[in-house]
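# sequence and predicted structure, then a few things I'm wondering about:
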Amino acid sequence: METEKLEKIRQSVESLAKTAETLVSEADGFPAILQNTRRLKACLRMMEMALGQVTMTPGQNRLSLSRPE
């Protein structure tokens, strides 16, 4: 797959990850939203792994499954 296309996909996954983090911080009092957001973040992590290390920064893992304090 061409590099430009991979970069666009990587950016889309990063954008989704940021949105998921926002949902987690706003989901207080909504257990179903919190649980489904955790599932979404797990799916995003699988997408990151599918893209491979070539397009991901080593050690990058913004997809924490813990709830922000």
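Here it is on my side, so go on.
# for residue 28, what are phi and psi?
phi -50, psi 120 (degrees, to the nearest 10).
# quick one: what helix or strand has the residue nearest the centre of the chain in it?
The centroid of the chain falls nearest to residue 17 when counting by Cα atoms, centre = their mean (3.0 Å). Using DSSP states H and E, residue 17 falls within helix 3-26.
# which strands and helices sit next to that helix?
If you count contacts as 3 or more Cβ pairs under 8 Å, 6 or more residues apart in numbering; DSSP states H and E, helix 3-26 packs onto helix 31-51. Bear in mind the C-beta positions are built from the backbone N, C-alpha and C, glycine included.
# show me what the helix it packs on is packed against.
By 3+ Cβ pairs under 8 Å, 6+ apart, helix 31-51 packs against helix 3-26.
# mean confidence for the helix it packs on?
Per-residue pLDDT over helix 3-26 has a mean of 90.
# from the chain's centre, how far out does stretch 30-41 sit?
In this view, stretch 30-41 has its centroid 12 Å away from the chain centroid, taken as Cα atoms, centre = their mean, to the nearest Å.
# ok so, going back, wait, isn't the residue nearest to the centre of the chain in contact with residue 44?
Yes: at 5.3 Å, residue 17 counts as touching residue 44 under the criterion of Cβ atoms under 8 Å.
# burial measure for residue 27, as a count.
Residue 27 is flanked by 17 other residues according to other Cβ atoms under 10 Å.
# any idea how far it lies from residue 33?
4 Å (Cβ to Cβ, to the nearest Å).
# now swap in residue 43 and tell me
Counting by Cβ to Cβ, the gap from residue 43 to residue 33 is 15 Å.
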